[in-house]
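>>> Sequence and predicted structure are below.
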Amino acid sequence: MREMQEPGRDPWAIGGLVLLAVLSVGALQLYRSAPQTLADAGTRGLVAVRPSAFGPRVRRAEERLVTAEAARAARQDSAAMVNFGAAAEQAWAARGFADTPADSSAALNLWSRAVLGRTELLLQTGTGPWWRRDDNERLQEALTSAQRVLAESADPEIRQRAEALRRETERRLRPGPLEWIPRRR
């Protein structure tokens, strides 16, 4: 027959008590870190599952900006315009996913560079030779873009560039002597 052991000396009982203590502490920690509201649970769940969307969007915006600048250098204005617009959209979206103020500022600077590149193109394509009337719609869009960058950006270099574009666009929007003559239809 089996030998009877004393109740306090069973190795399985001691191991079971240690396991019970560890699991109890784990349950208490889990309870303390549990979300308190439904919104908190949703936010934590999305953060845990969703990968960072900031990095890929910034990279796509930078790629589009490089492509746009290459297209502008090659005098492909329509391709440059599309790529500047796409770079600005991606950078603005990345700004919404930024985790730190530094990331937000970097995305905003990238957005500003893309918008100002597009603004320069709008100013260039909206202004014609002296004998042809300027495209006031494009110039008005350029002015709006420059003003938006001035309102959003805090970087002094970007603000200076935006202010110069705003002044130049306002100067071009003033009617010249030939702009009083009606257009042919």
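Alright, I've got the coordinates.
>>> switch to C-alpha atoms for all contacts and neighbour counts from now on
Fine.
>>> you'd agree residue 98 is up against residue 104?
Yes: Residue 98 lies in contact with residue 104 (C-alpha atoms under 8 Å); the separation is 5.2 Å.
>>> what sits against residue 104?
94, 95, 96, 98 (C-alpha atoms under 8 Å, 6 or more residues apart in numbering).
>>> Tell me how far residue 108 lies from residue 90.
11 Å (C-alpha to C-alpha, to the nearest Å).
>>> and what of residue 21?
51 Å.
>>> ok, those two, which is more surrounded?
residue 90 (23 against 12; other C-alpha atoms under 10 Å).
>>> what sits against that one?
57, 58, 60, 61, 111.
>>> and the gap between it and residue 58?
Counting by C-alpha to C-alpha - residue 90 and residue 58 are separated by 7 Å.
>>> One more: residue 144?
24 Å.
>>> State the helix or strand in which residue 161 lies.
helix 156-173 (DSSP states H and E).
>>> which other residues reach that helix?
109, 112-113, 116, 119-120, 123, 127, 134, 136, 139-140, 142-143, 146-147, 149-150, 153.
>>> List the buried residues of that helix.
Within helix 156-173, the residues scored as buried using 16 or more other C-alpha atoms under 10 Å are 158, 159, 162, 163, 165, 166, 168, 169, 172, 173.
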